[in-house]
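Peer 1: fold the following for me, if possible:
(2 chains)
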Amino acid sequence: MTREQWGGVVSNMIGRGAKISDDEFDEVVNYLGKALPPAQQGGGGAAGAKAAPVHKASLIDQVGADDKQIVDEDAAARGKTVYIAQCITCHGTRARGGERGADLVRSLVVLHDRYGSTIGPYLAQGHPAGKPVALTQEQIVDLSHFLHQQVGDTLRTGPYNNVLNILVGDPNEGKAFFNGAGGCSHCHSTTGDLAHIASKYDPPSLQLKVVFPQDRAVALEGSGSARKPLTVTVTTASGESVTGVPTELDDFNVSLRDASGQYHSFARGPGVKVEKHDPYAAHVALLDEYTDKEIHDVVAYLETLK
Amino acid sequence: MKFLVTIFVALFALAPVPAWSLGHDGGSDGGLDPSVLSRPPVDSWPTYNGDYSGRRFSTLTKINDQNVKSLSLAWMYQLPRNGAAPGGRLAGTPILLNGVMYITSPDKVWALDARTSRELWAYTWTSKGGIHLGNRGVGIFGNALYFETPDCNLVSLNLADGKKRWSQPICDLDQMYYASVAPLVVKNHIITGVSGDDLDRPGFLEAHDPETGALQWHWSVVPKPGEPGSETWPNADAMAHGGGMTWISPTYDPNLNLLYVGTGNPQPVMAAKGREGANLFTTSIVALNADSGKLVWYFQPSPHDTHDWDAVETPVLFDAEMEGKPRKLLAQASRNGWFFVLDRETGKNFVSAPFIKTNWTKGLDAKGQPIPDPAKEPQIAGTLVSPNADGGVNWPPPTYSPATGLFYVNATRSFAIYYIFDDSDKPEGWGGHDLGTWDESMLQALDYRTGKIKWSHKWETSGIEGGLLSTAGNLVFAGDPANNLVALNATTGEPLWHANLGSPLSNGAITYELDGHQYLVVGAGDKLFAFVMN
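Peer 2: Okay, the predicted model is just below:
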């Protein structure tokens, strides 16, 4: 995925409880964008970009056996030429099979293979039956790397996991929604805060930013978007009141940092009043109201603000 | 005391199950007779859910709504650290039998003295791989213990000293399965499930011999061509790769001899172009004969799921009045945001009601199953759906209290945009994902007769919530998103007591009586906390 798309994924993880600071966010997203980029353009579909080296830290990298094949990208590239010459007609451009050949990504012969250990003997039996291929041992190993690369590319972190074209809305209807039913223009201005917004974010990031502004969206240049934090106002029994960004908030305690950076901590009780202020309350209210068409329309409209 | 009398009257009025009568749990030789799993746990917590019913309800009342504020910490046990790294995460339910507690993390089992937390033995399995996300705990039969490993083995240890008896492969790592389920002991069967949804493989449930590990039966979640359910798939290839993992321990009715298991989402997960149809028996609640593994009935909470909403949430069994008659019921709060109550003899539906507001259905079919709205399946340009892929609730266990007649679920209301990433004719793997999220979390108490929300306690923040436990002391114990273990009044939802454990509850709390005192034990991160009423 692109850096921007990884930004969406990492925001998602933060939304679901991952403890990642804003500084770490930029670092992580930049790393992922470099280490796990989208499929190369014009790559013919079959072979993706070089995958990141195996890191056991990630759950997806723990998938399968410890002795699973480590794909050698150069060998896989050579294996791709073997595949195109000998296999693609029956097994398809992405090795997912077709009417004439089995799905090799799901093949047990491939999944059990290590560096040609099962693919080699399988081919040696004579495959396909009418016109058996004759491959050298080196070609079998290369083909094995290519096929394991296809299996890896099928997984959730593979290079094909990208948002496709989302610009399906009607900009004119989006403009009408922005200024009318959506209520967007109550807070936003296309010549003010949203001027040139389309040149700051790619369309998928912009769509996420419209619907979930409390998540981090990643701009095309520079770091993640600034977010307005939730704030709380705590009023004690004596009538003293303090407002700031909460550091803890549950049924029993509330703590916050005020604008000067001062930390305040309170035990909650009958005399202690806590008010929450969500800067994105208007966006949250829209979640139950939006149609998908309205979302796509308003994004199409914002995309005109280059 | 009037309160306690009321509770017990309610208990026996609502749960008149002869097989679940009260009694002493542990065998005299230190082992476990599985027949004790048919009644509520008292001086033990001998299986994942405490007993076969999945209610996670305790009849104990020494900790109650009047005195819960006096709970004190008896001990805290931290998993041994692995160099500089934490020693794992207690994602399972602890098992307590004859004063010994058994806990797990992936590849590891520890036996602790439940009075002191002193380690009696530790066992480490040498792993050949697999996803080390979490292990749900052990099963016990006689003097043997059983657990699953990430590299697809069922391992049996001596209860007394942790020495390995045998191991038996139960899935194939190369097909990207892994194993994490707490095995369930039913008669002379060790019931095992499998995990993993990265590559398109079929899910299954198996029974193994307690003495040798040999396979007794294998039930495939997806049918073969010509078998019942095959009409809900377009072709043999889609079926053979159709998913439906069995992530969570089943429940069991000894009188009907039926196992109840929730099955996982179909595969490919989000891009469903290659699997038109309802995709039975994925995202289903199924009843299987415990001796043969044969399907008796099914109910499908999410026909043709495309949102990763597996239906593995515990199918909870209880006997109670419904539509004017005493019934044998099964209830599930499913990941898709809906609550279902069924007749567990027949699968007949009594209640289908959302426990959070959702936007993905077009009503109910004749069986009471939600009809998915095709417009809310993942789209190339994205579609806004509630709930997100984490669901209205996830695998952490719910609880049902026969004392209040309420089913409790630690729920999340959420939205995400679901995208198709793979628009080819043959998507595989996930082929899409949900992105972005907004959510809010709340503990819901549902009237089992209607699914209506009796009370809802909204947590102040959203995020990871833990599993639940209810007791005849008019209490519900829950995790909140701020790492608190919270005791709430089971009737009103009022929070009464809490302890911040520093990490989210990683499963549900258990309770039992030891030396005349009631204990409450819960795992959070790499720590196990034991509270006691002195």
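Peer 1: now residue A:110, what's its secondary structure?
Peer 2: Of the three states, residue A:110 takes helix under DSSP: H, G, I helix; E, B strand; the rest coil.
Peer 1: correct me, but it touches residue A:149?
Peer 2: No - counting by Cβ atoms under 8 Å, residue A:110 sits too far from residue A:149 to count as a contact (10.9 Å). Heads up, the C-betas are built off the backbone N, CA and C, glycines and all.
Peer 1: between the two, who's got more neighbours?
Peer 2: Taking other Cβ atoms under 10 Å in any protein chain shown, residue A:110 and residue A:149 do not tie; residue A:149 has more neighbours (27 against 23).
Peer 1: where's the more buried one, which helix or strand?
Peer 2: According to DSSP states H and E, residue A:149 maps onto helix A:137-154.
Peer 1: how about that helix and chain B, touching?
Peer 2: Yes - for helix A:137-154 and chain B, the contact criterion (Cβ under 8 Å from any Cβ of the partner chain) is met by A:151, A:154.
Peer 1: count of residues packed around residue A:237?
Peer 2: Neighbours around residue A:237, by other Cβ under 10 Å: 10.
Peer 1: which ones are touching it?
Peer 2: Neighbouring residues of residue A:237 by Cβ atoms under 8 Å, 6 or more residues apart in numbering or on different chains: A:271, A:272.
Peer 1: how much space between it and chain B?
Peer 2: Per Cβ to the nearest Cβ, to the nearest Å, residue A:237 is found 20 Å from chain B.
Peer 1: next, that residue: phi, psi?
Peer 2: Dihedral pair for residue A:237: phi -60, psi -30, per degrees, to the nearest 10.
Peer 1: hang on, residue B:44 packs against residue B:36?
Peer 2: Yes - in this structure residue B:44 lies within contact range of residue B:36 using Cβ under 8 Å: 7.3 Å.
Peer 1: in the stretch 201-306 of chain A, where is pLDDT below threshold?
Peer 2: A:221-225 (pLDDT under 70).
Peer 1: which parts of it are helices?
Peer 2: Assigned by DSSP state H, counting those that start in this stretch, the stretch 201-306 of chain A shows helices spanning A:203-211, A:281-287, A:292-302.
Peer 1: mind putting these into TSV with distance to chain B and mean neighbour count?
Peer 2: Output for these, formatted as TSV (distance: least, Cβ to the nearest Cβ, whole Å; neighbours: other Cβ atoms under 10 Å in any protein chain shown):
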stretch	distance to chain B	mean neighbour count
helix A:203-211	4	25
helix A:281-287	5	15
helix A:292-302	5	23
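Peer 1: now these as CSV including distance to residue B:211?
Peer 2: Formatted as CSV, the helices of the stretch 201-306 of chain A follow (distance: least, Cβ to Cβ, whole Å):
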stretch, distance to residue B:211
helix A:203-211, 55
helix A:281-287, 55
helix A:292-302, 57
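Peer 1: quick one, which of these is nearest to residue B:321?
Peer 2: Nearest of the helices of the stretch 201-306 of chain A to residue B:321, taken as Cβ to Cβ: helix A:281-287 at 38.3 Å.
Peer 1: by contact count, what packs against that closest one?
Peer 2: Here helix A:281-287 touches helix A:203-211, going by 3 or more Cβ pairs under 8 Å, 6 or more residues apart in numbering or on different chains; DSSP states H and E.
Peer 1: packing partners of the helix it packs on?
Peer 2: Looks like helix A:203-211 contacts helix A:3-15, helix A:281-287, helix A:292-302, strand B:406-420, strand B:432-447 (3+ Cβ pairs under 8 Å, 6+ apart).
Peer 1: out of these, the one nearest residue B:389 is which?
Peer 2: The minimum distance between residue B:389 and the helices and strands packed on helix A:203-211 falls on strand B:432-447, with 4.5 Å, by Cβ to Cβ.
Peer 1: got the CA coordinates for that closest one in CSV?
Peer 2: Taking Å, rounded to 0.1, in the frame of the first residue of the first chain, the C-alpha atoms of strand B:432-447 are listed here in CSV:
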residue,chain,number,x,y,z
GLY,B,432,-10.8,-5.9,0.7
HIS,B,433,-10.9,-4.4,4.1
ASP,B,434,-12.7,-1.9,6.3
LEU,B,435,-10.9,1.4,6.9
GLY,B,436,-11.4,4.2,9.3
THR,B,437,-13.4,3.8,12.4
TRP,B,438,-15.6,5.5,14.9
ASP,B,439,-16.9,3.6,17.9
GLU,B,440,-18.4,3.8,21.3
SER,B,441,-18.6,1.0,23.9
MET,B,442,-21.2,-0.1,26.4
LEU,B,443,-22.3,-3.0,28.6
GLN,B,444,-25.8,-4.0,27.5
ALA,B,445,-28.3,-6.1,29.6
LEU,B,446,-30.8,-7.7,27.3
ASP,B,447,-34.1,-9.3,28.3
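Peer 1: that strand packs against which elements?
Peer 2: Counting by 3+ Cβ pairs under 8 Å, 6+ apart, strand B:432-447 packs on helix A:3-15, helix A:203-211, strand B:406-420, strand B:453-458, strand B:475-479.
Peer 1: state the mean pLDDT of it.
Peer 2: Mean pLDDT, computed over strand B:432-447, is 96.
Peer 1: can you list the strands that it pairs with?
Peer 2: Using DSSP bridges, strand B:432-447 pairs in its sheet with strand B:406-420 (antiparallel), strand B:453-458 (antiparallel).
Peer 1: make CSV from the helices and strands packed on strand B:432-447 and add distance to residue A:170 to it.
Peer 2: Output for those, formatted as CSV (distance: least, Cβ to Cβ, whole Å):
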stretch, distance to residue A:170
helix A:3-15, 24
helix A:203-211, 15
strand B:406-420, 19
strand B:453-458, 38
strand B:475-479, 46
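Peer 1: for the residue of the stretch 201-350 of chain B found nearest chain A, grab phi and psi.
Peer 2: The minimum distance from the stretch 201-350 of chain B to chain A, using Cβ to the nearest Cβ, falls at residue B:241 (5.9 Å). When quoted as degrees, to the nearest 10, the phi and psi of residue B:241 stand at phi -120, psi 30.
Peer 1: residue B:207: which of the helices and strands packed on strand B:432-447 is closest?
Peer 2: For these, the distance to residue B:207 is smallest for strand B:406-420, at 28.8 Å, taking Cβ to Cβ.
Peer 1: and the closest one, how far out from the chain's middle?
Peer 2: 16 Å (Cα atoms, centre = their mean, to the nearest Å).
Peer 1: and it, average pLDDT?
Peer 2: Regarding strand B:406-420, the rounded mean pLDDT is 97.
Peer 1: can you list the residues of the stretch 51-200 of chain A near chain B?
Peer 2: Near chain B, when you scan the stretch 51-200 of chain A using Cβ under 8 Å from any Cβ, you find A:59-60, A:62-68, A:94, A:96-97, A:103, A:105-106, A:108, A:111-112, A:151, A:154-156, A:158, A:160-169.
Peer 1: from residue A:145, how far off is residue B:313?
Peer 2: Distance of residue B:313 to residue A:145, computed by Cβ to Cβ, to the nearest Å: 41 Å.
Peer 1: quick one, which of the helices and strands packed on helix A:203-211 is packed in tightest?
Peer 2: Highest mean neighbour count of the helices and strands packed on helix A:203-211: strand B:406-420, a mean of 26 (counted as mean count of other Cβ atoms under 10 Å in any protein chain shown).
Peer 1: chain B: helices as residue ranges?
Peer 2: B:2-14, B:236-240 (DSSP state H).
Peer 1: worst average pLDDT in the ones you listed?
Peer 2: Minimum mean pLDDT among these: helix B:2-14, a mean of 40.
Peer 1: confirm for me that residue A:298 is in contact with residue A:176.
Peer 2: No - taking contacts as Cβ under 8 Å, residue A:298 lies outside contact range of residue A:176: 9.5 Å.
Peer 1: common neighbours of those two, please.
Peer 2: With Cβ under 8 Å, 6+ apart, residue A:298 and residue A:176 have no common neighbours.
Peer 1: residue B:44 and residue B:36: which is more packed in?
Peer 2: Using other Cβ under 10 Å, the more surrounded residue of residue B:44 and residue B:36 is residue B:44, with 27 against 20.
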